[in-house]
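Novice: I would like the atomic coordinates for the input below:
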Amino acid sequence: MPAVSKGDGMRGLAVFISDIRNCKSKEAEVKRINKELANIRSKFKGDKALDGYSKKKYVCKLLFIFLLGHDIDFGHMEAVNLLSSNKYTEKQIGYLFISVLVNSNSDLISLINNGIKNDLASRNPTFMNLALHCIANVGSREMAEAFASQIPSILVAGDTMDSVKQSAALCLLRLNRTSPDLVPMGEWTARVVHLLNDQHLGVVTAATSLITTLAQKSPEDFRTSISLAVARLSRIVTSASIDLQDYTYYFVAAPWLSVKLLRLLQCYPPPEDAALRSRLTECLETILNKAQEPPKSKKVQHSNAKNAVLFEAIALIIHHDSEPTLLVRACNQLGQFLQHRETNLRYLALESMCTLASSEFSHEAVKTHIDTVINALKTERDVSVRQRAVDLLYAMCDRSNSKQIVAEMLSYLENADYSIREEIVLKVAILAEKYAVDYTWYVDTILNLIRIAGDHVSEEVWYRVIQIVINQDDVQGYAAKTVFEALQAPACHENLLKVGGYILGEFGNLIAGDPRSSPLVQFNLLHSKFHLCSVPTRALLLSAYIKFINLFPEVKPTIQDVLRSDSQLRNADVELQQRAIEYLRLSCIASTDILATVLEEMPPFPERESSILAKLKKKKGPGKVPDMDEARWNVNGNTEHSENTEPTNKSSPPSLVADLLPTNRPRPASYSPTILSAGNMAPSHPFTDLLNMNSSPAAGASLLVDVLSDLSSPAPTPTTGPGPGPTDVCEEHFSRFVCKNNGVIFENQLLQIGLKSEYRQNLGRIYVFYGNKTSSQFLSFSSSVTSSDTLKTQLNVHTMPVDPTVEGGAQLQQILNIECLSDFSDTPVLNVQFRYGGTLQNIAVKLPVMLNKFFQPTEMTSEDFFQRWKQLGVPQQEVQTIFKAQHPMDTDVTNAKVQKTASLYLKPLCGGGVGLILKCCNVSGFTTRETLNRSFNGSLNL
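Specialist: Have a look, this model is predicted:
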């Protein structure tokens, strides 16, 4: 950068800043600023032309005034004029003013772009850097449109200086983040990868940041960067600090570049080449070994740089999840940080171990640190670290340590911070349910949970315990006895009363033989707490009372007296009043058989995703909850690390994951909830119907709820493989879309693709919905539409970009805009590519874009139709087909379908008109004659 001469000191600016600092009050400051603004305005409007130095000085003053918080509404043109100066300091101030004060909607953008274009073409490295910095700072879409195609050529040009290459790479990175659709992917992409071999490490660092971002969007275009990144990383970690003296930070060689290279490698699975994989493994082992060496400096900067590289290397090891030795070593080194005096290191260690706990190779190694983690939970001062300790205990939990972990969480819950109590409650409920070999332990745990943190126990928790008790016959009597004893406490939480009222109403008869828990004692116990409850709980207790009448006829008069009381029949709350009246009349006029039928025991609940787990996922965010692999879960709700387990039940009901506690008794299909159920136990859809189709997915269709299927067609059956290869185009459901615009076009065990289409004249729009049916992320997700060379001249398809990451259980939407240019017969193909579990998945689906989608119907009289029909006398314009249908046909229904397919339209948009006559030839409706007549200069319709 050119040195600033003494003459550029701008004494007037220094005096103005000094005056502002010497102001004794805000009023004095405003007065001085207004005086200066008036002076600058007069100078700009004066007849005498200002020289470059004066313009620079006054523009600098305006910039300083703006930074003080005052509005500036003039001087922009003078700043733009400074861009044409040949002096560095004047051009620098001009670019600085534009970067800070000019917005993307300014009328001066075209002038600014011209100035930037001149500087980029000047080949002066100083001016080019200033221009590139301005583009990156402003980052507007207008600038991206103007320079996105020019900057890549500057980046890969052989005569570009290193400093300009750095600026160009970072500028392109900025434009890709703000306007990714405007950054072209062309020949330069292959050349930019070779910048990883550049001798200047500053260029390599900037290029690595750019390539990492672009690789997330188009991984295949930058796959060659893997070998170059490994080679560069190997040279860094094996070199002495003196070899990279200019880029050594406190005895750590190029830490920032090392971190960026490790992040780039996390965009891809482990290298397939054995030699390359071995070299990468050596690099990672070297990093782990260096982390164990004695520190070369006591300064915190040294440890920060070394640990930054270490944690990024561990993140790559976890991402690959293929080297058991490295995973265990990483776990052991993270364990050393659990008791480190630095809070940030303890936090990062706990966070990384949460991910390690989900790997089958390192799960056992993580469990060895359970005592340290429990101690951190009890003694840690920082609440964020304690929360990470809770997350790690949750992730490392299995059958062998579940009771210990749940007990420790319950113990900590009594003194836990209010900000994390609800999350701990959800995790305790999930763990107790999942690893409950003995459901009596589960019931005890949940009731203890309600006792300790009743205010933080959501409805999902006590709903779930009710569902499990109803579905498990062997625990119903114990649950009734336990809640009865818990309700005898002088003060019990309202959630406990809800659980007690529901369970005693359903299964109170199982403990009624004991005089200490006779029917009347049970009723009096519940009713003694009635007046202390909220309205919803009172409504639940009234439902329990009417259930008592069915279970215990001897308490019928007592309960009827309660229902008949003025406090119930004339209650101000409509719900309580209505329940009291209806239950009273039901108990009076219904026979014993009718009462037994209406008030029968609740049937088992259907298998579905635990609402508690769904709530935890919603609270933590997608992808933030450690995976608890359903494949290692046996019928008792326990998990084991086994390789010989069946991945997923093929007949599972529609839900995101299997029910946390599978039951053996399905709910009767005829059952429908009534007001007599104590709470709303109806399952909720894990997905919202995005298309408002009110779809009803078929049971057992798939693990993902089909939000796109019609009522008229069943949900598609999942295919058995992960999807067709790149040359295997799926056409399984293509024909279904001839007569409809919405539905599921593809589905397998990983992904569901749904379409919603709309067409108007020669334009169409397709909303494509990608549903991740797994609990893991899809990485490097991309989709594109390919067409044959002929089809490209007939059909224009524009695809909107999609997010490269799809969280587990999430849905992603993409918009395709289609323009019909002429008539066509071929169809485009949707290509989807993503990484799941380190494996690249390729799916190709035939898009249902047919010519009939762009037709518009019209109406005309039969006389007009046949008049035009008879004008078409050329033999090539008429085709007649007689065929036998596979099923009996209804004329009206067939006519309706034909109108949707291709024929009855007066204003075709992509060629000549089409007319059609349809006639059923026999009474049974099995034979149809179809006559198709086409005009190349007119059109006919029915």
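Novice: assign the residue nearest to Phe781 when sequence neighbours are not counted to helix, strand or coil.
Specialist: Excluding the flanking residues, the one nearest Phe781 by Cβ to Cβ, 6 or more residues apart in numbering is Phe834, at 4.1 Å. C-beta: built from backbone N, CA, C; applies to glycine. Here Phe834 is recorded as strand under DSSP: H, G, I helix; E, B strand; the rest coil.
Novice: which ones are touching Phe834?
Specialist: Residues near Phe834 by Cβ atoms under 8 Å, 6 or more residues apart in numbering: Leu751, Phe778, Leu779, Ser780, Phe781, Ser782, Val806, Leu840, Gln841.
Novice: contacting residues for the second one?
Specialist: Read it as Phe778. Leu751, Asn772, Thr805, Val806, Phe834, Arg835, Tyr836.
Novice: same check on the fourth one?
Specialist: Shown here is Ser780, whose contacts under the criterion Cβ under 8 Å, 6+ apart are Ala215, Gln216, Pro219, Cys267, Pro804, Gln833, Phe834, Arg835.
Novice: do I have it right that the fifth one meets Gln777?
Specialist: No: counting by Cβ atoms under 8 Å, no contact exists between Pro804 and Gln777, whose distance comes to 10.2 Å.
Novice: so where's this structure uncertain?
Specialist: Counting by pLDDT under 70, the ranges of the chain that qualify are 1-9, 47, 104, 240-243, 607-611, 613-615, 617-727, 873-879, 883-942.
Novice: Lys117 looks like it's in a helix, true?
Specialist: Yes: counting by three-state DSSP, Lys117 is part of a helix.
Novice: in the contacts of Phe778, find the pair that's most separated.
Specialist: Taking Cβ to Cβ, the two most distant members of the contacts of Phe778 are Leu751 and Thr805; they sit 14.1 Å apart.
Novice: show me the strands in the protein, by range?
Specialist: In the chain, the strands defined using DSSP state E lie at 248-249, 252-253, 729-730, 742-747, 751-760, 763-772, 779-786, 795-799, 811-820, 829-836, 839-846, 878-884, 913-920, 927-935.
Novice: any idea which of those gets closest to Ser567?
Specialist: Taking Cβ to Cβ, strand 811-820 is the member of the strands of the chain nearest to Ser567, at 49.2 Å.
Novice: what does that closest one contact?
Specialist: 687, 690, 707, 762-772, 781, 783, 785, 794-800, 802-803, 806, 847, 849, 851, 854, 909-910.
Novice: quick one: buried ones out of these?
Specialist: Buried members of the contacts of strand 811-820, scored by 16 or more other Cβ atoms under 10 Å, are 687, 707, 762, 764, 766-772, 781, 783, 785, 794-795, 797, 799, 802-803, 806, 847, 849, 851, 854, 909.
Novice: contacting residues for Ile468?
Specialist: Ile468 neighbours (Cβ under 8 Å, 6+ apart): Glu433, Tyr439, Tyr442, Val475, Leu661.
Novice: and which of those residues is nearest Lys740?
Specialist: Leu661 (38.9 Å).
Novice: on that earlier part again, okay, Leu751 and Thr805: which has more neighbours?
Specialist: Using other Cβ atoms under 10 Å as the criterion, Leu751 and Thr805 rank with Leu751 on top: 24 against 17.
Novice: ok, the more buried one touching Gly771?
Specialist: Yes: assessed by Cβ under 8 Å, Leu751 is found in contact with Gly771 at 6.8 Å.
Novice: now stretch 340-354 - C-alpha only, PDB.
Specialist: Presented in PDB, the C-alpha positions along stretch 340-354 are these (Å, rounded to 0.1, in the frame of the first residue of the first chain):
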ATOM      1  CA  HIS A 340      -9.400 -28.000  32.400                       C
ATOM      2  CA  ARG A 341      -9.300 -24.600  34.200                       C
ATOM      3  CA  GLU A 342     -10.400 -22.800  31.000                       C
ATOM      4  CA  THR A 343     -14.200 -22.700  30.800                       C
ATOM      5  CA  ASN A 344     -14.400 -22.500  27.000                       C
ATOM      6  CA  LEU A 345     -12.300 -25.700  26.600                       C
ATOM      7  CA  ARG A 346     -14.600 -27.600  29.000                       C
ATOM      8  CA  TYR A 347     -17.600 -26.400  27.000                       C
ATOM      9  CA  LEU A 348     -16.100 -27.400  23.600                       C
ATOM     10  CA  ALA A 349     -15.000 -30.800  25.000                       C
ATOM     11  CA  LEU A 350     -18.500 -31.600  26.200                       C
ATOM     12  CA  GLU A 351     -20.000 -30.400  23.000                       C
ATOM     13  CA  SER A 352     -17.700 -32.600  20.900                       C
ATOM     14  CA  MET A 353     -18.200 -35.600  23.100                       C
ATOM     15  CA  CYS A 354     -21.900 -35.400  22.600                       C
END
